[in-house]
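Novice: Return a 3D structure for these sequence lines:
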Amino acid sequence: MLPCHATIATTVTHILRMTRLPSESNIIRVTNIRANVRNYYMQFEEQTTQSLLARHVQEKATLQQQSDSYMAYHSKVNETFKKQIEQYTAGL
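Specialist: Residues are numbered from 1 along each chain as shown. Model prediction:
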């Protein structure tokens, strides 16, 4: 039994609707959404990079300050030991 013309027409219409190409407005909308998402992630990356760089600079400055403090303390300790040894050896 052959299908009637109405059934064939309905099936063809249904297939065409399923395979319909997106409209120009939908293409533009999707393109804009993609551009917005791309821009958002670029801004996020830039902010993250700047934050990491600032943190690195701050950590480096802190380490330098700690190093300078240690060297100053170590220098004073050496001077004190040197004076004490000189006093001790002078008293012998």
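Novice: could you give the mean pLDDT of whichever strand or helix holds residue 88?
Specialist: Assigned by DSSP states H and E, residue 88 belongs to helix 24-91. Per-residue pLDDT over helix 24-91 has a mean of 91.
Novice: which helices and strands does that helix pack with?
Specialist: Taking 3 or more CB pairs under 8 Å, 6 or more residues apart in numbering; DSSP states H and E as contact, there are no helices or strands that helix 24-91 lies on. For the C-beta atoms, the positions are set from N, CA and C on the backbone; glycine is no exception.
Novice: ok, the residue nearest to the spatial centre of the chain to residue 42 distance?
Specialist: Centroid-nearest residue in the chain, with CA atoms, centre = their mean: residue 48, separated by 3.9 Å. Residue 48 is 11 Å from residue 42, where distance means CB to CB, to the nearest Å.
Novice: Tell me, how many residues neighbour residue 43?
Specialist: 10 (other CB atoms under 10 Å).
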